[in-house]
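Enquirer: Sequence and computational prediction follow.
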Amino acid sequence: MVIWFWIGFLVLILAMLALDLGVFHRHAHVVSIREALAWTAVWIALSLLFNLLIYFMYEHHWLGIGLEIGHTLGGRQAAVDFFTAYLIEKSLSLDNIFVIALIFSFFGVPAERQHRVLFWGILGALVMRGAMIVVGVALIRRFEWITYVFGGLLLLAAFKMLVTGSGHVAPDNNWLVRLARRFYPVSRGFQGDHFFTRVDGRRAVTPLFLVLLVIESTDLLFAIDSIPAVFAITDDAFIVFTSNVFAILGLRSLYFALAGMIRKFRYLNLTLVAVLAFVGVKMILAHHPKLQISTELSLAIIGGALVVGLMASLIHARKGILEAAAPIALNIEYLATLTYQQGRRIIVFVVGASVVIIGLILIVLPGPAFIVIPIGLAILATEFTWARRLLKRLKHEGANLASAVFGTRPSAANPEPGSDGAPSRRSGQEHTAGKSAESGQDTPKP
């Protein structure tokens, strides 16, 4: 009977989308910040109302909801799970906003056409995420160890975001764009709100359609990170899907409200790194009762990280005012930069060391320690030389072990010095040169 909740929810979402595009945004226009903020407030209010409905649905188990996931899920826990999942999705969507702004800027999409692209992009995202959630739930319930894989993906996503940052997108290299151009010609300019047109009598796509393809593909990449993050909170498919949907529905209005100022949130990247890393660790520890992190504590940590990151960004945004006030502000900025660098090293050390410790624990407990420990070392290697050396040594030892097990030889491109039992001539020369340098004598020329 739970199927009726799914049908009713989908009908409600489709009705709201039809009302949005067919009534409130029937005519293309530039969405002002005031209008965007108003719609953002509307979507947040609807999400909170649905959160209240979640409480009553699961508290009284309407039509048996909350009883079909292998354990009883009460109203309070369901409401906390929904709100925590919604908060995670909402925070991760901030990074998505920055990428969307880059895509629109790259293609030169007029401001009055952007809402329509986002509407259809979000509609496609709902379908893709729904399919991914169904597959994810089936995998988690069939293979319990898959949570380790999801946790590893989140840690890798945090590591990638820490190293590369946000905003790295190359629309021309997008495989969907290349595929579309192979089958269809592309019109020279935008054709109003149309995605398709005709060029020399042939059916062609407009640049607006290419923008839609790039946005859909980038959202798929974001979903690979965000959906496993929600599974770290709950395995109830209805809560996972509905929290995703409400976060995505508010993405359009949030984009128009924050696109112009998103660059001012300097510490947003570090905040999202902390959120992804924490959720990844929580997911890896999910099957160890003594090490589990409660949803309430997760909500407090994630909410605290977002508040600290946003407050630090707002304080940094006032840097220009401080510089104009007094010359001493330059010294303050220098000290702040040093503090930021040290803080970054501390964060990397804490996150990386935690992952390595978890990997060491998994050597005894059931779990893929051989995956987790290198991930922790890779995170540490972004800031610490000793970690880079250790990671390189671990990689070398792994290659030697593989060659011993499978009978393979080291790659010819990277032969091991002295692998035939004789000392390397070059290494001997380097050793002699090193001794000469240490003794303060010039190396004799041959």
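Expert: All right, it came through fine.

Enquirer: which residues in the stretch 201-350 of the chain form helices?
Expert: Using DSSP state H, counting those that start in this stretch, the helices of the stretch 201-350 of the chain run over 207-231, 237-249, 251-258, 268-284, 295-317, 319-325, 328-364.

Enquirer: Mean pLDDT lowest where, among those?
Expert: Sorting the helices of the stretch 201-350 of the chain by mean pLDDT places helix 319-325 lowest, at a mean of 47.

Enquirer: quick one: the most centrally placed residue in the chain from Trp43, how far?
Expert: Centroid-nearest residue in the chain, with CA atoms, centre = their mean: Asp225, separated by 4.5 Å. Distance, Asp225 to Trp43, using CB to CB, to the nearest Å: 22 Å. Bear in mind the C-beta positions are built from the backbone N, C-alpha and C, glycine included.

Enquirer: now Trp4
Expert: As judged by CB to CB, Trp4 and Trp43 stand 24 Å apart.

Enquirer: Looking at the two, which is more packed in?
Expert: Trp43 (20 against 11; other CB atoms under 10 Å).

Enquirer: Pretty sure the more buried one sits in a strand.
Expert: No: with DSSP: H, G, I helix; E, B strand; the rest coil as the criterion, Trp43 is helix rather than part of a strand.

Enquirer: Not counting its neighbours along the chain, what's nearest it?
Expert: Distances taken as CB to CB, 6 or more residues apart in numbering put Gly250 closest to Trp43, at 3.6 Å, once the chain neighbours are dropped.

Enquirer: and the one you found, how many neighbours does it have?
Expert: By other CB under 10 Å, the residues close to Gly250 number 24.

Enquirer: do Leu14 as well
Expert: 12.

Enquirer: Model confidence for it, exactly?
Expert: Listed pLDDT for Leu14 reads 84.

Enquirer: What backbone torsions are found at it?
Expert: Here is the backbone geometry of Leu14 (degrees, to the nearest 10): phi -60, psi -40.

Enquirer: Could you do Phe384 as well?
Expert: Per-residue torsions, Phe384: phi -120, psi 130 (degrees, to the nearest 10).

Enquirer: any idea how far it lies from Arg198?
Expert: Plainly put, Phe384 is 59 Å away from Arg198 if you go by CB to CB.

Enquirer: For the two, indicate the residue with more neighbours.
Expert: For the pair Phe384 and Arg198, the greater number of neighbours falls to Phe384 (16 against 11), based on other CB under 10 Å.

Enquirer: sorry, back to before: which residue is the nearest non-sequential neighbour of the residue nearest to the centre of the chain?
Expert: Ala157 (4.4 Å).

Enquirer: right, and Phe196 touches Thr206 too?
Expert: Yes: using CB atoms under 8 Å, Phe196 is in contact with Thr206, at 6.9 Å.

Enquirer: And the two? Which one has more around it.
Expert: Neighbours were counted for Phe196 and for Thr206 using other CB under 10 Å; Thr206 has more, 22 against 13.

Enquirer: roughly how far apart are that one and Leu220?
Expert: Distance from Thr206 to Leu220, by CB to CB: 22 Å.

Enquirer: With Leu394 instead?
Expert: From Leu394 to Leu220 the distance is 32 Å (CB to CB).

Enquirer: which residues touch Trp39?
Expert: Shown in contact with Trp39 (CB atoms under 8 Å, 6 or more residues apart in numbering): 252-253.

Enquirer: Once you drop chain neighbours, what's closest to Leu272?
Expert: Once flanking residues are discounted, Leu272 sits nearest to Asp95: 5.6 Å by CB to CB, 6+ apart.

Enquirer: residue contacts, that neighbour?
Expert: Applying CB under 8 Å, 6+ apart to Asp95 gives the contacts 161, 166, 222, 268-269, 272.

Enquirer: helix or strand for it, which one?
Expert: Asp95 belongs to helix 75-107 when assigned by DSSP states H and E.

Enquirer: returning to that earlier point: can you tell me how far the residue nearest to Asp225 is from Tyr267?
Expert: When CB to CB is the yardstick, Ala157 and Tyr267 sit 18 Å from each other.

Enquirer: Show me which of the two is the more surrounded one.
Expert: Ala157 (24 against 19).

Enquirer: Quickly list the domain ranges of this structure.
Expert: Using automatic domain parsing, the domain parsing of the chain gives 3-288, 318-410.

Enquirer: just to revisit the earlier point, which among the contacts of Asp95 gets closest to Arg141?
Expert: Of all those, Phe222 has the smallest distance to Arg141: 24.3 Å, by CB to CB.

Enquirer: contacting residues around that closest one?
Expert: Applying CB under 8 Å, 6+ apart, we find Phe222 in contact with 92-93, 95-96, 99.

Enquirer: Report the lowest-confidence entry in those residues.
Expert: Asp95 (73).

Enquirer: angle of the helix holding Asp95 against helix 251-258?
Expert: On the basis of axes from the mean of the first three to the mean of the last three CA atoms, to 10 degrees, helix 75-107 is oriented at 60 degrees to helix 251-258.

Enquirer: Tell me which helix or strand comes right after helix 75-107.
Expert: Using DSSP H and E, the helix or strand that follows helix 75-107 towards the C-terminus is helix 114-142.

Enquirer: List the buried residues in that following helix.
Expert: With burial defined by 16 or more other CB atoms under 10 Å, the residues of helix 114-142 counted as buried are 114-122, 124-126, 129-130, 132-133, 136-137, 139-140.

Enquirer: List of residues touching the next helix or strand after that helix?
Expert: Using DSSP H and E, the next helix or strand after helix 114-142 towards the C-terminus is helix 146-164. For helix 146-164, contacts defined as CB under 8 Å, 6+ apart pick out 95, 136, 139-140, 224-225, 228-229, 231-232, 269-270, 272-274, 276-277, 279-284, 286-287, 348, 351, 355, 367-368, 371-372, 375, 378-379, 382.

Enquirer: Glu89 contacts Val245, doesn't it?
Expert: No: contact between Glu89 and Val245 fails when scored by CB under 8 Å: they sit 9.2 Å apart.

Enquirer: More neighbours: these two, which one.
Expert: Per other CB under 10 Å, whichever of Glu89 and Val245 has more neighbours is Glu89, with 26 against 23.

Enquirer: on that earlier part again, wait, doesn't the residue nearest to Trp43 sit right on Leu37?
Expert: No: using CB under 8 Å, Gly250 makes no contact with Leu37, being 11.5 Å away.

Enquirer: related to what we said a few turns ago, from the contacts of Phe222, which two are the most distant?
Expert: Leu92 and Val99 (11.5 Å).

Enquirer: separation between Arg388 and Ile375?
Expert: For Arg388 relative to Ile375 (CB to CB), the value is 14 Å.

Enquirer: neighbour count winner among those two?
Expert: When neighbours are counted by other CB under 10 Å, Arg388 and Ile375 differ, and Ile375 comes out ahead with 22 against 15.

Enquirer: No further questions, thank you.
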